[in-house]
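Engineer: Fold the following and give me the result.
(chains A, B, C and D)
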There are 4 protein chains.
Amino acid sequence: MGKGRLEAFSDGVLAIIITIMVLELKVPHGDNPEALKPLLPVVLSYILSFVNIGIYWNNHHHMLHAAQKVNGTVLWSNIHLLFWLSLIPFTTAWMGENNFSKWPVVLYGFVLLMAGIAYFILAKCLTKVHGKDSTLARALGKDLKGILSIVLYILGITLSFINAWIGFSFYILVTAMWFIPDRRIEKNMG
Amino acid sequence: MGKGRLEAFSDGVLAIIITIMVLELKVPHGDNPEALKPLLPVVLSYILSFVNIGIYWNNHHHMLHAAQKVNGTVLWSNIHLLFWLSLIPFTTAWMGENNFSKWPVVLYGFVLLMAGIAYFILAKCLTKVHGKDSTLARALGKDLKGILSIVLYILGITLSFINAWIGFSFYILVTAMWFIPDRRIEKNMG
Amino acid sequence: MGKGRLEAFSDGVLAIIITIMVLELKVPHGDNPEALKPLLPVVLSYILSFVNIGIYWNNHHHMLHAAQKVNGTVLWSNIHLLFWLSLIPFTTAWMGENNFSKWPVVLYGFVLLMAGIAYFILAKCLTKVHGKDSTLARALGKDLKGILSIVLYILGITLSFINAWIGFSFYILVTAMWFIPDRRIEKNMG
Amino acid sequence: MGKGRLEAFSDGVLAIIITIMVLELKVPHGDNPEALKPLLPVVLSYILSFVNIGIYWNNHHHMLHAAQKVNGTVLWSNIHLLFWLSLIPFTTAWMGENNFSKWPVVLYGFVLLMAGIAYFILAKCLTKVHGKDSTLARALGKDLKGILSIVLYILGITLSFINAWIGFSFYILVTAMWFIPDRRIEKNMG
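Structural biologist: Residues are numbered from 1 along each chain as shown, chains lettered A, B, ... in the order given. Got it, this is the predicted structure:
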């Protein structure tokens, strides 16, 4: 089974997710900088989510590029990943509109955590299809970065109950860690 | 006539349908778990619809993969299918916001039923183009699963008038039945 | 210059237009058939617009399939067409929410008219690129159907001032006329 | 690394941006031309933004067509460009709804300026990947038009503080300047 439509469908969903988030930036009624002020936290969470979706697209791009084939399990792992990513516009808006208060930050992290786990599962399913000695498997390695992200998200969520900004800074940390595209595959694919 | 743009257009529409549904998850005003509570039925119907659109994309992917050519009738059968699927975000939101009360559950089932019939018609049109002895025709077989789905949807809609949750459980049953990708084609295309 | 991205971009825009129209189907507050009643004219105009966008996608598909090359003028004629089509969700909603009263029906027809003219221009630009003796030019012929559509739209708009339903029936007439995919090209490309 | 998915993702995002802008054209309550009047400035800013996104798609199309390869930096420069473009529906709506008053016009210009800078950076990154003697580098040249746009945007923003319409006319000037597709590359790629 070809991977072409899997890539096309994922690109479509990711492109829509990254773009409809902007619909949550409600146009304010006033026409001066004061009117924009309440939007600042929304813009801040928008930027973080935009970069995160960008990272997912980027890594997804790399991983699928290294893949030669997909099966039904891979298709569903992928849809599972897209499900969690599809909730990001909602959690982004909730967090932004409530100025990074506790529960919204917790939920935002939870959805990122689930997306991280879903990506990890997708990587495992792809590895299984290609075999342990495949270029893909070797390129992905032990996926320490993926596991570390999951740990950091759990830490961030937990710490959000003490102080939401501490939790939030953990999410930024994971984002920064992934901002550099997944060089492992790029190198090995040379 | 090539099938490439038919796949691309369908992927686009399905990707948008699956994603804009999340726009019906209106961001609540409160910033605590209490504020999320009324969203629970909306999220539940969102998940069911997400899986259903995922199933359609998956099976559509398989069926078109087995197809070699399309004609005008196939193009329109496909647009007909997309029409019914495009109504799912609306029925999903109506059902979720009314906490699975009778009429919304009936309408939700009705749109799924019509989408099921439209998919059945599309399969028949594709079979006609390829001939009864084609790989596609043999792969699709008698489409007993498709017919069973239609019967179960009709049953579910009827039973919703007695108890909406019984009807709803029938929709979940059909979803579960299709959750496994269409192995018939995968096997035969092997 | 390749036509691939022109097709991809057009498919994307058309897929989004056809799908976001459903966002104008506002979820009603009640949970019974009574609550759906005011939506009937909106659904009716939704169906007409859905079929029209479907027709445009279909004919666009056929015409670009027959094209071998595109230039800057073609790219802009195409964006011009997409502009008018992008206004259809707005005019569809306005017409549906006002129960097919005079001015919304006039505006709806006007946007369809402009889209028809834009399609005509796009066809001419493509013909110019390929030359008068090209397969594409011969396939498109004199585009009598395109000219007839424009005349019928003007008639429909004018008659809407007397009675909106008469005007509306003209729009349905044009839609019916195009519902059959553009066989001219299909035959000649045979 | 292939450029195919970069093009597909960008096409998707641009197609969505250009289309969801229309969602800001809120359907008015009245059913007569009077009810449409307040929408006129919104439509005007919609047209300008539509043409601008069209220009970006067009030039992006040309530039990527001339590119042979992409790397991680190019992917992120591209996402950076898409970020600024994704804010256009918001600034378009704010400007339109406030009838081109000072601050919205300033912000509209600022986002266009940042998009212009982002495009400039993307062009530089692509040039770096291909080398100074590549067809792409020679085709892009010194990108005087890109630099001129940035200067004109800064001028327009500054002058908006005196009179918003003067600033706005500068944005129209840049748009007009780019309306003609980037012939430099087309010629050199001949």
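
Engineer: Which helix or strand in chain A has the lowest average pLDDT?
Structural biologist: helix A:183-189 (a mean of 51; mean pLDDT, DSSP states H and E).

Engineer: how many other residues sit next to the closest residue to A:Gly131 other than its chain neighbours?
Structural biologist: Nearest residue to A:Gly131, sequence neighbours excluded (Cβ to Cβ, 6 or more residues apart in numbering or on different chains): A:Ala137, at 6.6 Å. Every C-beta, even on glycine, is put in place using the N, C-alpha and C of the backbone. A count of nearby residues for A:Ala137, using other Cβ atoms under 10 Å in any protein chain shown, gives 18.

Engineer: can you check A:Gly131 too?
Structural biologist: A:Gly131 sits with 10 neighbouring residues when counted by other Cβ under 10 Å.

Engineer: distance of it from A:Met63?
Structural biologist: Distance, A:Gly131 to A:Met63, by Cβ to Cβ, to the nearest Å: 15 Å.

Engineer: just checking, what packs against the helix or strand A:Ala15 falls within?
Structural biologist: Element membership for A:Ala15, per DSSP states H and E: helix A:4-20. Counting contacts by 3 or more Cβ pairs under 8 Å, 6 or more residues apart in numbering or on different chains; DSSP states H and E, helix A:4-20 packs against helix A:40-66, helix A:72-86, helix A:88-97, helix B:4-20, helix B:40-66, helix D:4-20, helix D:72-86.

Engineer: Any idea how far it is from the middle of the chain?
Structural biologist: 13 Å (Cα atoms, centre = their mean, to the nearest Å).

Engineer: Check stretch A:152-172 too.
Structural biologist: The chain centroid and the centroid of stretch A:152-172 are separated by 16 Å, computed with Cα atoms, centre = their mean.

Engineer: Same check on stretch A:44-53?
Structural biologist: Stretch A:44-53 has its C-alpha centroid displaced from the chain centroid by 9 Å (Cα atoms, centre = their mean).

Engineer: what's the average pLDDT for that stretch?
Structural biologist: Averaging pLDDT along stretch A:44-53 gives 95.

Engineer: before we move on, the earlier item: need the helices and strands packed on helix A:4-20 in CSV with mean neighbour count, can you?
Structural biologist: Output for the helices and strands packed on helix A:4-20, formatted as CSV (neighbours: other Cβ atoms under 10 Å in any protein chain shown):
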stretch, mean neighbour count
helix A:40-66, 21
helix A:72-86, 22
helix A:88-97, 25
helix B:4-20, 25
helix B:40-66, 21
helix D:4-20, 25
helix D:72-86, 22
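
Engineer: can you list these in a markdown table and add distance to A:Ser169?
Structural biologist: Shown next, in a markdown table, are the helices and strands packed on helix A:4-20 (distance: least, Cβ to Cβ, whole Å):
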| stretch | distance to A:Ser169 |
| --- | --- |
| helix A:40-66 | 11 |
| helix A:72-86 | 22 |
| helix A:88-97 | 14 |
| helix B:4-20 | 29 |
| helix B:40-66 | 28 |
| helix D:4-20 | 28 |
| helix D:72-86 | 21 |
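
Engineer: A:Gly30: which of the ones you listed is closest?
Structural biologist: Nearest to A:Gly30 among the helices and strands packed on helix A:4-20 is helix A:40-66; the distance by Cβ to Cβ comes to 14.3 Å.

Engineer: how about that closest one, does it get close to chain C?
Structural biologist: No: using Cβ under 8 Å from any Cβ of the partner chain, helix A:40-66 stays clear of chain C, with a minimum separation of 15.6 Å.

Engineer: Between helix A:72-86 and that helix, find me the angle.
Structural biologist: 170 degrees (axes from the mean of the first three to the mean of the last three Cα atoms, to 10 degrees).

Engineer: what's the spacing between helix A:40-66 and its chain's center?
Structural biologist: 6 Å.

Engineer: wait, doesn't the residue nearest to A:Gly131 sit right on A:Val129?
Structural biologist: No: counting by Cβ atoms under 8 Å, A:Ala137 stays clear of A:Val129, with 9.9 Å between them.

Engineer: so what sits against both of the two?
Structural biologist: Here A:Ala137 and A:Val129 share no contacting residue, scored by Cβ atoms under 8 Å, 6 or more residues apart in numbering or on different chains.

Engineer: contacts for stretch A:158-178?
Structural biologist: Here stretch A:158-178 makes contact (Cβ under 8 Å, 6+ apart) with A:48, A:51-52, A:55, A:59, A:100-102, A:105-106, A:108-109, A:112, A:116, A:145, A:148-149, A:152-153, A:155-157.

Engineer: is the top helix by length along chain A anywhere near chain B?
Structural biologist: Using DSSP state H to define each element, chain A has its longest helix at helix A:102-130. Yes: Helix A:102-130 comes into contact with chain B (Cβ under 8 Å from any Cβ), by way of A:102-104, A:107.

Engineer: show me the contacts for the residue in chain A that chain B sits nearest to.
Structural biologist: Nearest residue of chain A to chain B (Cβ to the nearest Cβ) works out as A:Gly12 at 3.1 Å. For A:Gly12, the contact set (Cβ under 8 Å, 6+ apart) comprises B:11-12, B:14-16, D:12.

Engineer: Same question for A:Asn98.
Structural biologist: Residues near A:Asn98 by Cβ under 8 Å, 6+ apart: A:104, B:31.
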